[in-house]
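1. what shape does this take:
(one chain, ligands or ions: 1)
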Amino acid sequence: MVSGVQRAYRFRLYPSRAQEEAMLLVLELCRWLYNFFLGMIRCCVKVPKKTWLQEMLPALCRKHPKLNMVHSKTRQYVLYQLYSNLKALSKLKKNGRKVGSLRFKGRGWYKTFMYNQSGFKLKCGSKQKRQMGILHLSKIGDIPMRLHRNFTGDVKQVIVKHSGSGKWYATLIVENDQPINTTPAFRGKSVGIDVGIINYARDSGGKATEHPHNIDKSSKRLRREQRRLARKQYDKKTKRSSKNREKQRVKVSRVYERIVNQRNDFLHKLSRYYVNRYDYIFVEKLNIQGLMRGIHNARNMADAAWGRFFNMLEYKAESACSLVVKVPAKNTSQECSGCGKMVPKTLAVRQHKCPYCGLDITRDGNSSIVILHRGMRIVGLEESESTPVETEPLHAIGGQASSVKQELPQGASVEAPSVRVG
Ligand SMILES: [Zn+2]
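-> Numbers count the residues shown, from 1 in each chain. Prediction:
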């Protein structure tokens with residue numbers, strides 16, 4: 001049974017001048033609180049228990065009445081955030097990475113605050129303005145919010161974010177009690193997807209997806225605006241950004257946010273394409289961290305965000321009754337998809353020509369078919385003799401998504417997505 005699935009939905013907020021000032025003040029007070037607690041922790045020999053600091057909050061609010069302008073749950077969340085940062089840092093240290101100590105947050109470096117369980121209320125839009133809803137936040141007021149999409153379920157948390165370009169967003173964490181799968185549609189189709197440098201993705205059905213060009217264009221623009229920012233001065237007296245520098249910083253942020261949006265849009269569409277067409281989607285198990293450290297195309301890798309793509313495939317598959325299975329990635333480009341023999345080639349060789357069986361296809365195309373074969377072996381499906389693209393009928397499997405998962409043999413890796421962004 002699928003129950004208690006949490007999804008995050010992000011909506012744009014349109015606060016009034018006064019509301020914006022109130023929210024900026026909350027951020028500033030949270031930043032102050034964060035730095036205060038971090039200072040306390042730094043004074044201690046050993047990191048104190050969180051509850052010890054939490055008990056100080058009421059007294060602190062009496063001493064600094066301004067803090068009462070921040071909702072109590074939001075204040076507690078600051079502490080929670082601080083401790084999760086500390087935890088993440090010590091985890092890195094344990095893994096042998098060189099890390100310093102946690103830093104104090106400077107002006108403008110505190111960008112989110114949170115309401116947990118209480119302190120907020122959601123009102124839907126009127127008939128005339130159905131797209132616009134109202135998000136009521138305690139201590140701030142009724143903020144217009146664009147409901148660009150529907151969702152069902154209970155809102156458990158609200159995270160308010162101030163973006164670098166000055167826009168405000170609310171991320172609603174929504175819990176849905178109903179199982180998402182209602183009508184399992186088994187179409188008997190499976191696909192292997194190979195991701196790569198030349199093509200963003202290539203599948204065993206022969207579909208090749210190029211890297212999105214609009215991102216390249218925006219990246220060029222980002223570099224140009226960043227160069228311009230580097231030439232802008234700081235104010236000599238206040239040591240803060242001059243007005244022109246601040247204007248340019250917003251420009252850079254806007255271009256950057258545009259790239260993020262373009263990339264997400266591309267990935268959402270591509271993952272939706274596969275989830276709508278296939279029951280079994282096989283991808284390779286990527287070692288993204290390892291690859292990033294190793295080779296010079298780390299930038300490329302980061303851009304491509306394949307890990308994010310796989311994540312999207314997984315959570316979309318969950319509600320569409322398909323299954324994403326990760327297969328071992330070793331030698332997918334060397335193995336021949338026709339006869340299974342090894343055909344060694346360097347990264348520069350883009351064509352797969354098998355001397356054993358005479359197969360002659362593109363390198364990526366070969367890899368995607370190898371991935372498909374490996375995946376079918378993992379989930380225990382018979383490989384068909386004919387073209388592997390449309391292997392129907394695959395023998396009937398339960399008919400329920402949950403039973404599909406149970407029938408997987410041991411050792412098959414079906415990882416649940418850790419982050420779901422709707
Ligand atoms: Zn061969």
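2. from the chain's centroid, how far away is stretch 85-104?
-> Its chain's average C-alpha position is 22 Å from that of stretch 85-104, according to Cα atoms, centre = their mean, to the nearest Å.
3. okay, buried residues for that stretch please.
-> 86, 102 (16 or more other Cβ atoms under 10 Å). All C-beta atoms are positioned from the backbone trio N, CA, C, and that covers glycine.
4. contacts for that stretch, please.
-> Stretch 85-104 is contacted from outside by 35, 38-39, 41-42, 47, 82, using Cβ atoms under 8 Å, 6 or more residues apart in numbering.
5. closest one to the ion out of those residues, please.
-> The closest of the contacts of stretch 85-104 to the ion turns out to be Leu82 (Cβ to the ion; 57.3 Å).
6. mind listing what that closest one touches?
-> Contacts for Leu82 (Cβ under 8 Å, 6+ apart) come out as 34, 37-38, 41, 102.
7. so which of the contacts of stretch 85-104 wins on neighbours?
-> Leu82 (21 neighbours; other Cβ atoms under 10 Å).
8. which of the contacts of stretch 85-104 sit farthest apart?
-> Pairwise distances across the contacts of stretch 85-104 peak at 16.1 Å for Asn35 and Val47 (criterion: Cβ to Cβ).
9. dead centre of the chain: give me the residue that sits there.
-> The centroid of the chain falls nearest to Arg308 when counting by Cα atoms, centre = their mean (5.7 Å).
10. count of neighbours near the residue nearest to that one when sequence neighbours are not counted?
-> Setting aside the residues directly before and after it, Arg308 is nearest to Leu267 in space (Cβ to Cβ, 6 or more residues apart in numbering), at 6.0 Å. Using other Cβ under 10 Å, Leu267 is surrounded by 21 other residues.
11. ok, Leu267 - contacts?
-> By Cβ under 8 Å, 6+ apart, the residues touching Leu267 are 305, 308-309, 312.
12. need the pLDDT of Glu257.
-> Reading off the confidence values, Glu257 has pLDDT 93.
13. pretty sure it sits in a helix.
-> Yes: under DSSP: H, G, I helix; E, B strand; the rest coil, Glu257 sits within a helix.
14. how about it, what does it touch?
-> 163-165, 167.
15. check the contacts of stretch 85-104 one by one and keep those near the ion.
-> Near the ion, judged by Cβ under 5 Å from the ion, there are no entries from the contacts of stretch 85-104.
16. among those, name the ones in helices.
-> Residues of the contacts of stretch 85-104 located in helices (DSSP state H): 35, 38-39, 41-42, 82.
17. any low-confidence regions in the stretch 201-350 of the chain?
-> 287-304 (pLDDT under 70).
18. count the residues that sit near Pro15.
-> Pro15, neighbours per other Cβ under 10 Å, totals 21.
19. helix, strand, or coil at it?
-> coil.
20. contact partners for it?
-> Contacts of Pro15 (Cβ under 8 Å, 6+ apart): 23, 140, 143-144, 168.
21. so which bits of the chain are right by the ion?
-> Checking the chain against the ion by Cβ under 5 Å from the ion, the hits are 336, 338-339, 354, 356-357, 359.
22. contact partners for Ser337?
-> The neighbours of Ser337, taking Cβ under 8 Å, 6+ apart as the test, are 352, 359, 361, 366-367, 369-370, 373.
23. at 7 Å what do you get?
-> Ser337 is in contact with 359, 366, 369-370, 373, counting by Cβ atoms under 7 Å, 6 or more residues apart in numbering.
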